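Chemist: predicted coordinates and the sequence they were generated for:
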Amino acid sequence: MSRAKPQAPERSITAGSDFLHLDIAEAPPGGRADWLAGKLRHAIADGRLPVGGRLPATRVLAVDLGVSRGVVVEAYQRLVEDGQVAGRGRAGTVVVAAPAAPPAAPPTPAAAPATL
């Protein structure tokens with residue numbers, strides 16, 4: 001009889017950038033970290049990166065995208081500052097919060113009849 005605790009299924013996002021179909025050619029020159037952070041924010045907001053899911057390791061994602069690791073580290077840091085992900089040391093970077101739904105647009109006032 002094994003006394004090992006049953007392992008919870010790992011909710012890691014494997015396959016690097018393939019899961020988001022990221023194309024670094026879309027990123028503006030000098031704005032790759034902003035672009036990547038924006039793509040990751042959008043993926044968290046629409047549920048492709050679920051709360052509790054792990055992001056790819058920075059080295060893995062950097063290789064997949066063909067960018068320096070610093071670009072990925074900076075993008076992840078922006079998400080940490082926003083409170084959407086948290087670094088767990090050797091356990092990786094985990095999505096901890098999805099953004100709240102944006103508020104509904106205020107109703108537009110009816111146009112007043114034009115007077116001459």
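Modeler: Done, it's in.
Chemist: surely residue 61 touches residue 72?
Modeler: Yes. The criterion here is C-beta atoms under 8 Å, and residue 61 meets it with residue 72 at 4.9 Å. C-betas here are computed from N, CA, C, even on glycine.
Chemist: show me which of the two is the more surrounded one.
Modeler: In this view residue 61 and residue 72 are compared by other C-beta atoms under 10 Å, and residue 72 has more residues nearby, 28 against 25.
Chemist: for the more buried one, give its distance to residue 39.
Modeler: Distance of residue 72 to residue 39, given as C-beta to C-beta, to the nearest Å: 12 Å.
Chemist: buried sites along stretch 85-96?
Modeler: Residues of stretch 85-96 classed as buried: 85, 92, 93, 94, 95 (neighbour count, 16 or more other C-beta atoms under 10 Å).
Chemist: let me fix that: stretch 60-67
Modeler: Buried residues in stretch 60-67, counted by 16+ other C-beta under 10 Å: 60, 61, 62, 64, 65, 67.
Chemist: look at the first one and report its pLDDT.
Modeler: This means residue 60. Predicted confidence (pLDDT) for residue 60: 93.
Chemist: cool, and the fifth one?
Modeler: According to the prediction, residue 65 has pLDDT 92.
Chemist: all the strands of this structure, residue numbers only.
Modeler: Along the chain, the segments classed as strands by DSSP state E run 85-87, 93-95.
Chemist: I'd like to know which of these is closest to residue 20.
Modeler: Nearest of the strands of the chain to residue 20, taken as C-beta to C-beta: strand 93-95 at 12.9 Å.
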